[in-house]
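**Student:** structure of the sequence below:
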Amino acid sequence: MKVNELTELYKLYGFEKEFVSKTESFIVFSYHLGFFNNIEFVKLKNDKLTDCEITAMKKEYEKIGYNSIVVHSYEGLYEAEKSLFQAFFYPEENKKRLKQEYNNFCIRQSEKLQGIFEYIAGSFQDSNSVIKSDLVKYIIETRQITNARLTIMEAAAGYGKTCTVYEIINNLLNSEKIQVPLFIELSKNRNARLFRYVLQDEIDKKFTQLSSAVVIREIKTGRIPLIIDGFDELIEQKNAVLDDSDERSLSMLSTIADLLGDDSNAWILLTTRNSAIFSGDLFEEWVMSKLGRGCIVDRLRIMKPSVQEWLGNRIYKIIQEKGIDIEGMANPVLLTFLKNMSESQLVVQLSNQDSVLDQYLSLLLNRDRERLDLLLDEEEQHTILEKLAGSFAQYDITSETNEFLQDILKDILEDKFPELLGRYHKSGEVDPVIQTSQEYVQRLSHSCLLDRISLFQNQYGFINEFILGIMAGDAVRNGYLLPEEISERYLDIITTSYEGRGEKIRLDFYKKIQYTLKDITAVCRLNVECALLHCPNSNYKNQYFQSLIFSKYISFRKEYIFDNCIFDNCLFENCKISASVFMKCRFYNCQFYNIVVEGKPDEELVFINCIGEKDLCAEHEVPVLGDSGDDYEKIVLEQFWKPGYSSAELRRTYTALFKGVNPQKHTNIQKAIQSLLRKGFIRELNICYELNTNYMGEIKHILGR
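**Tutor:** Just a heads-up that it's a prediction; the model follows:
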């Protein structure tokens with residue numbers, strides 16, 4: 001262990017170097033905090049002379065009034081790091097604090113759901129599009145690998161991102177590892193725009209006595225897992241397109257990249273809604289250019305809940321017997337509500353798909369009317385909340401301060417206050433608490449459909465994004481929110497919530513927004529059409545779709561065409577496909593399960609590394625156009641070292657290896673990639689391929705350089 005390394009470490013924690021013995025056998029550090037003046041002796045060598053020197057110097061420091069004098073002997077720098085971390089970060093105390101936060105979260109969820117909250121481990125799709133079970137267990141196990149790791153957990157609104165994060169934190173707390181998770185919940189507001197400022201603010205609040213430099217260092221060592229819930233809240237998606245806007249959005253990740261360099265063992269977990277920002281060549285190139293060489297990137301997607309597993313066979317059978325399309329409303333909020341209903345309630349109260357939501361909202365609104373003594377009927381309560389959600393959508397926020405929320409409610413009720421306040425006098429129930437409009441909105445702001453989003457921030461919003469989406473969608477249908485005022489982010493929230501509604505309501509909403517869809521990204525438009533209509537409803541040309549899931553409710557009808565589009569890591573499961581809808585399309589790493597195909601497929605479709613695509617393949621061999629295997633290997637290697645260039649690019653993304661190549665040759669390009677991998681000329685990294693410079697002589701020979 002070197003003196004300068006140990007000195008730099010101690011300086012980070014606020015120590016000052018007082019003395020180094022001539023033989024460099026020990027160092028003296030001082031630490032001053034308020035009235036406390038401490039001295040630490042760190043022994044670098046064990047011998048009698050060193051002990052005598054330390055004993056003499058201890059007496060000198062005691063004479064001049066130092067409160068605490070301790071002696072440490074470390075086997076190496078790692079032991080010193082662990083000791084200082086435990087002394088300054090208080091792992092056990094922080095674990096207790098986070099455990100209490102987890103317990104409080106579970107209590108609050110139970111109150112919101114009017115039943116016992118229970119986390120259900122659903123299915124998820126991993127980075128290779130393989131569907132697995134138990135996401136929390138998978139994340140905890142992969143966390144054990146001592147590499148820098150960026151885990152991106154995606155899910156639609158209301159699919160349990162925050163619940164999953166709390167379960168992950170609870171598992172981390174049960175570990176014997178010395179670690180202090182740093183949990184950051186992000187809510188969209190007008191101030192939090194750059195992540196580096198948010199991170200600095202969280203460090204200042206949660207580690208008040210420590211510099212940000214030492215916290216950042218311990219994030220990089222992996223002792224402080226960094227968990228960021230709702231990263232998309234920081235990314236402005238209004239009017240986003242897949243060009244400069246995505247580059248600006250990726251710049252929001254610059255602080256993340258700084259934490260995941262070559263010298264890092266950090267683990268960072270981001271949760272986000274499904275976003276094009278984390279897919280495609282732009283993101284892969286960002287990973288290659290900004291992250292450390294050993295950094296592993298996991299992109300995980302939470303799947304729709306399995307309704308039968310979630311509800312159990314008894315409840316599932318009752319709902320099926322009533323003819324309710326329960327599979328079409330597989331949202332965790334409604335499934336939890338159904339799970340907590342008695343058998344008699346299920347039989348009497350449910351009649352159709354929309355009645356499930358109606359009963360859920362009716363229960364909550366009636367509870368509010370009694371608890372808050374609101375002289376409002378359900379329709380009036382619903383209208384107020386619709387308008388509030390509409391205002392949230394106009395501002396493109398999901399939470400705000402309680403004061404701001406009350407200001408919005410004042411604007412909504414401005415013309416109705418005389419009548420609303422007069423109701424208390426007419427009923428003979430004059431409530432001294434509700435005499436003014438301000439008192440009225442204060443009480444209304446405590447609706448059980450509204451809640452404090454974070455225990456540590458004065459931010460309020462709807463109890464979950466499912467309810468926010470329902471209310472905002474109803475605001476559009478009833479004319480309180482104009483379709484052109486909806487950002488893509490809000491369109492995602494609304495359509496995810498509306499996906500489980502009955503056909504009439506879904507079509508009504510679609511007709512309201514249809515004319516605005518031409519101005520949004522192709523991925524968002526396709527998601528909207530599939531969620532609301534259960535089929536594409538427009539033509540798509542030269543588009544890139546990654547990690548989309550097409551379920552059994554989706555039909556690809558022959559009226560609308562996908563022309564020269566790329567599907568990457570997409571899942572087609574139990575859906576109906578008219579084969580002629582795909583023209584000159586390419587499918588990379590896609591999976592097809594139990595699909596029903598009608599008609600003759602296009603002969604120019606290309607499938608690379610796919611599973612189950614047989615029914616979509618034309619009945620002919622893709623022609624090999626007279627090139628030898630070596631020529632295809634040369635084409636691949638030229639993507640790394642382009643003709644006319646003096647040097648090679650060492651890393652290229654998977655899709656980049658096919659650029660400029662006739663789609664009919666893609667199957668042969670795939671074979672060439674596999675051949676080069678077997679020969680060792682290229683290596684497969686986490687998210688790209690790398691040229692192996694150990695074989696540069698052979699590579700030059702193939703390229704004729």
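**Student:** pLDDT score for G629?
**Tutor:** Turning to G629, the model gives it a pLDDT of 50.
**Student:** likewise for R248?
**Tutor:** With respect to pLDDT, R248 has a value of 54.
**Student:** assign G294 to helix, strand or coil.
**Tutor:** Judged by DSSP: H, G, I helix; E, B strand; the rest coil, the three-state class of G294 is coil.
**Student:** tell me what I69 is bridged to.
**Tutor:** I39 (DSSP bridges).
**Student:** surely it meets N38?
**Tutor:** Yes - with contacts counted by CB atoms under 8 Å, I69 reaches N38, the gap being 7.4 Å. Quick note: C-beta positions are derived from backbone N, CA and C, even for glycine.
**Student:** just name the shakiest helix or strand of the chain by mean pLDDT.
**Tutor:** helix 244-251 (a mean of 55; mean pLDDT, DSSP states H and E).
**Student:** immediately after that one, which helix or strand?
**Tutor:** Next along the chain after helix 244-251, taking DSSP states H and E as the criterion, comes helix 254-259.
**Student:** chain center to that next one, what's the gap?
**Tutor:** Here helix 254-259 is found 16 Å from its chain centre; the criterion is CA atoms, centre = their mean, to the nearest Å.
**Student:** repeat that for stretch 341-353.
**Tutor:** Offset of stretch 341-353 from its chain centre (CA atoms, centre = their mean): 34 Å.
**Student:** now the strand or helix carrying S391: average pLDDT?
**Tutor:** Following DSSP H and E, one finds S391 within helix 378-395. Taken as a whole, helix 378-395 carries a mean pLDDT of 94.
**Student:** buried stuff in that helix?
**Tutor:** 381-394 (16 or more other CB atoms under 10 Å).
**Student:** what's the separation between the nearest residue to C610 once chain neighbours are set aside and L172?
**Tutor:** In this structure, C610 finds its nearest non-sequential neighbour in C590, 4.7 Å apart by CB to CB, 6 or more residues apart in numbering. C590 sits 34 Å away from L172 when distances are taken as CB to CB, to the nearest Å.
**Student:** same check on E309?
**Tutor:** E309 is 26 Å from L172, by CB to CB.
**Student:** with only the CA atoms kept, save the longest helix seen in the chain in PDB.
**Tutor:** When the chain is scanned for its longest helix (criterion: DSSP state H), the result is helix 91-113. Extracted C-alpha coordinates of helix 91-113, given in PDB (Å, rounded to 0.1, in the frame of the first residue of the first chain):
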ATOM      1  CA  PRO A  91     -24.400   1.000   6.500                       C
ATOM      2  CA  GLU A  92     -26.500  -0.600   9.300                       C
ATOM      3  CA  GLU A  93     -28.300   2.700  10.200                       C
ATOM      4  CA  ASN A  94     -29.000   3.400   6.500                       C
ATOM      5  CA  LYS A  95     -30.300  -0.100   6.000                       C
ATOM      6  CA  LYS A  96     -32.800   0.400   8.900                       C
ATOM      7  CA  ARG A  97     -33.900   3.700   7.300                       C
ATOM      8  CA  LEU A  98     -34.500   2.200   3.900                       C
ATOM      9  CA  LYS A  99     -36.200  -0.800   5.500                       C
ATOM     10  CA  GLN A 100     -38.700   1.500   7.200                       C
ATOM     11  CA  GLU A 101     -39.200   3.300   3.900                       C
ATOM     12  CA  TYR A 102     -40.000   0.000   2.300                       C
ATOM     13  CA  ASN A 103     -42.500  -0.900   5.000                       C
ATOM     14  CA  ASN A 104     -44.100   2.500   4.700                       C
ATOM     15  CA  PHE A 105     -44.400   2.000   1.000                       C
ATOM     16  CA  CYS A 106     -46.200  -1.400   1.400                       C
ATOM     17  CA  ILE A 107     -48.600   0.200   4.000                       C
ATOM     18  CA  ARG A 108     -49.400   3.000   1.600                       C
ATOM     19  CA  GLN A 109     -50.000   0.600  -1.300                       C
ATOM     20  CA  SER A 110     -52.400  -1.400   0.800                       C
ATOM     21  CA  GLU A 111     -54.300   1.700   1.700                       C
ATOM     22  CA  LYS A 112     -54.600   2.800  -2.000                       C
ATOM     23  CA  LEU A 113     -55.700  -0.700  -3.100                       C
END
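**Student:** for it, the averaged confidence score.
**Tutor:** 87.
**Student:** contacting residues around it?
**Tutor:** 85, 116-117, 163, 166, 169-170, 173, 178-181, 183, 333, 336-337, 340, 448, 451, 455, 463-464 (CB atoms under 8 Å, 6 or more residues apart in numbering).
**Student:** what subset of those residues is buried?
**Tutor:** 85, 117, 163, 166, 169-170, 173, 179-181, 183, 333, 336-337, 340, 448, 451, 463-464.
**Student:** which element, helix or strand, includes F509?
**Tutor:** helix 503-513.
**Student:** hmm, who's touching that helix?
**Tutor:** For helix 503-513, contacts defined as CB under 8 Å, 6+ apart pick out 354, 473, 476-477, 483, 486, 491, 494, 498-499, 528, 532-533.
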